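Colleague: show me how the following folds:
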Amino acid sequence: AALTVRFLTRRFIGEYGDMEFIYSHNLTVDGREILLHIWDVPNSQEQAEDGSAEEKRIQWADSFVLVYSICDRASFNILPLKIQFIKAAKEGQSQEKVPIVIVGNKRDLHHQRVVSSEEGRLLALSLDCGFYEVSAAE
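Modeller: Sure thing, here's the model as predicted:
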């Protein structure tokens with residue numbers, strides 16, 4: 001949620017509950033106006049749901065940004081299964097590759113890092129995804 005709000009408002013708010021939100025945002029890319037709809041779901045909520053709610057979100061979306069904390073190994077370890085689930089649901093219907101980006105957040109907390117940048121890059125490479133490391137705070 002912090003990364004989404006930072007992207008939309010350019011402000012950092014550090015504390016969020018486990019709430020699900022859909023945001024809409026206009027963006028100009030290469031001179032074209034684009035309307036983004038962002039369905040922000042905290043990981044703790046996804047784990048508590050059945051597969052049908054997650055399937056609904058996957059069918060709704062055209063692309064995916066999966067965020068993990070570089071300070072939380074568990075948030076990183078669940079990514080391969082999530083990505084396989086997304087690809088099976090989206091690419092199984094067509095031959096088009098679904099755009100997926102893996103983002104390691106909290107780069108500013110390097111002293112608490114438990115997932116290396118190299119691990120993130122290698123995972124993204126092995127799953128044919130984009131990769132970035134960022135800091136919502138900075």
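
Colleague: longest helix in the protein, please.
Modeller: helix 79-91 (DSSP state H).

Colleague: show me what counts as buried in it.
Modeller: 79, 82-83, 86-87, 89-90 (16 or more other Cβ atoms under 10 Å). Backbone N, C-alpha and C define where each C-beta goes, glycine included.

Colleague: give me the pLDDT value at the closest residue to Val41 other than its chain neighbours.
Modeller: Closest residue in space to Val41, ignoring its immediate chain neighbours: Glu20 at 5.0 Å, by Cβ to Cβ, 6 or more residues apart in numbering. Glu20 is assigned a predicted lDDT (pLDDT) of 74.

Colleague: which parts of this structure are strands?
Modeller: 21-29, 32-40, 64-69, 100-105, 130-133 (DSSP state E).

Colleague: adding distance to Val5, write these out as CSV.
Modeller: As requested, these are exported to CSV (distance: least, Cβ to Cβ, whole Å):
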stretch, distance to Val5
strand 21-29, 8
strand 32-40, 9
strand 64-69, 12
strand 100-105, 12
strand 130-133, 17
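
Colleague: those: which one's closest to Arg6?
Modeller: For these, the distance to Arg6 is smallest for strand 100-105, at 9.7 Å, taking Cβ to Cβ.
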